[in-house]
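Student: Any chance you could fold what I've pasted below:
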Amino acid sequence: MDFELQDRTVLITGATGGIGAAVARAYAAEGARVAIGYASDAEAAGKLAAELGAAHDRAFAVRCRIGADAAAGEPAGAAAADGSADGSAESAVAAVTERWGGVDALVVCAMEPGGLRPPTAPFESLDPEHWAGFVSANLSHNLRLAQLTLPHMRRSGWGRIVLVSSVVARLGKPGREFYGTVKSGLHGFTRSLMWDLRDTGVLVNLVSPGLTLTPRMAADLPAARRDEEQRATPTGRLSTPEDVATAVLYLGSAANRNITGEELTVAGGR
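Tutor: Numbering: from 1, shown residues only. Here you go, the predicted model:
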């Protein structure tokens with residue numbers, strides 16, 4: 001299968017996480033130039049960029065923080081302590097555009113931590129402040145990145161946007177009302193945005209992983225729970241970050257020629 005990604009530019013947010021790093025490696029293996037979006041772990045982002053060819057201008061790390069523009073006392077364009085950009089969506093896309101001319105493919109893996117309801121607190125007992133910032137920041141991050149990268153895609157007549165959702169949007173999960181709201185919101189956004197992008201050559205889709213054995217999950221998941229989850233999965237195994245990356249790569253490349261506004265679930269049949 002020809003993904004036709006040689007010298008295409010991709011911006012991946014959350015690229016230092018298990019799924020994001022696998023996506024970055026998958027794109028790099030197909031010849032794409034990879035902008036590694038990270039929130040705080042500059043060291044991990046730098047190491048991944050070096051692995052993917054930073055010395056030959058095939059990859060570089062760019063700070064891209066959810067809610068950065070709203071941070072008190074830190075206006076867009078300000079310099080961070082490490083000398084990098086402020087981490088706003090605007091500064092991240094500007095950095096990629098200045099370096100490589102624009103973003104051809106956008107993959108949003110980043111998710112602000114939080115959004116869990118305390119197990120002892122019923123939903124109706126929570127103050128709206130418990131979820132307002134979380135829901136707004138995470139949805140806005142996806143929408144704003146799409147908004148900023150689309151002008152180049154429209155001008156070039158080609159582009160791919162892949163948003164990483166979750167099976168929680170469809171199945172639900174105890175205590176995940178706010179997380180599920182964000183992920184469900186991505187579905188509505190994707191289905192509507194595809195109409196705005198008709199006849200432009202730009203396709204927008206979702207990938208929804210189930211329980212995925214990222215390095216952190218593999219270390220934290222008790223063996224008994226892992227066995228239980230595998231038995232409940234029709235394929236008999238849990239997904240790996242590479243499984244998810246394969247789905248993202250297909251939808252976010254020229255191999256995908258006529259799929260838009262859709263969700264691809266990577267959960268072993270669950």
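Student: CA atoms for contacts and neighbours, from now on please.
Tutor: Fine.
Student: Can you name the element that comes right after the host helix or strand of R155?
Tutor: Assigned by DSSP states H and E, R155 falls within helix 129-156. Later in the chain than helix 129-156, the nearest helix or strand by DSSP H and E is strand 159-164.
Student: tell me the angle that next one makes with helix 129-156.
Tutor: Strand 159-164 and helix 129-156 meet at an angle of 160 degrees, taking axes from the mean of the first three to the mean of the last three Cα atoms, to 10 degrees as the criterion.
Student: Quick check: buried residues in the next helix-or-strand element following strand 159-164?
Tutor: Next in sequence after strand 159-164, counting helices and strands by DSSP H and E, comes helix 168-171. Under the neighbour-count criterion of 16 or more other Cα atoms under 10 Å, helix 168-171 has 168-169 buried.
Student: returning to that earlier point: so what secondary structure elements neighbour the helix holding R155?
Tutor: Counting contacts by 3 or more Cα pairs under 8 Å, 6 or more residues apart in numbering; DSSP states H and E, helix 129-156 is packed against helix 89-100, strand 105-108, strand 159-164, helix 177-196.
Student: what's next to the third one, contact-wise?
Tutor: Right, strand 159-164. 104-109, 142, 146, 150, 153, 186, 201-209, 248, 251-253 (Cα atoms under 8 Å, 6 or more residues apart in numbering).
Student: mind listing what that strand pairs with, with the direction of each?
Tutor: Sheet pairing here is set by DSSP bridges, and for strand 159-164 it gives strand 105-108 (parallel), strand 202-209 (parallel).
Student: Strands along the stretch 1-150 of the chain, start to end?
Tutor: Residue ranges of the strands in the stretch 1-150 of the chain, as given by DSSP state E, counting those that start in this stretch, are 9-13, 33-38, 59-63, 105-108.
Student: can you list the weak-confidence ranges in this protein?
Tutor: Residues of the chain meeting the criterion pLDDT under 70: 69-85.
Student: quick one: contacts for the most centrally placed residue in it?
Tutor: Closest to where the C-alpha atoms of the chain average out (Cα atoms, centre = their mean) is C109, at 1.6 Å. Each residue near C109 by Cα under 8 Å, 6+ apart is listed here: 12-15, 19-20, 163-164.
Student: of those residues, buried ones?
Tutor: Buried subset of the contacts of C109 (neighbour count, 16+ other Cα under 10 Å): 12-15, 19-20, 163-164.
Student: and of those residues, the nearest to V96?
Tutor: Taking Cα to Cα as the measure, V96 sits nearest to I12 out of the buried ones among the contacts of C109, at 11.0 Å.
Student: who's in contact with that closest one?
Tutor: 20, 23-24, 34-37, 106-109.
Student: Looking at those, which two lie furthest apart in space?
Tutor: V34 and C109 (14.0 Å).
Student: Leaving out chain neighbours, which residue sits closest to G175?
Tutor: R117 (4.7 Å; Cα to Cα, 6 or more residues apart in numbering).
Student: is it true that the one you found touches G180?
Tutor: No. Judged on Cα atoms under 8 Å, R117 makes no contact with G180 at a distance of 11.4 Å.
Student: just to revisit the earlier point, now the angle from the helix holding R155 to strand 9-13?
Tutor: Here the directions of helix 129-156 and strand 9-13 differ by 180 degrees (the same axes, to 10 degrees).
Student: and helix 129-156, how far out from the chain's middle?
Tutor: 11 Å (Cα atoms, centre = their mean, to the nearest Å).
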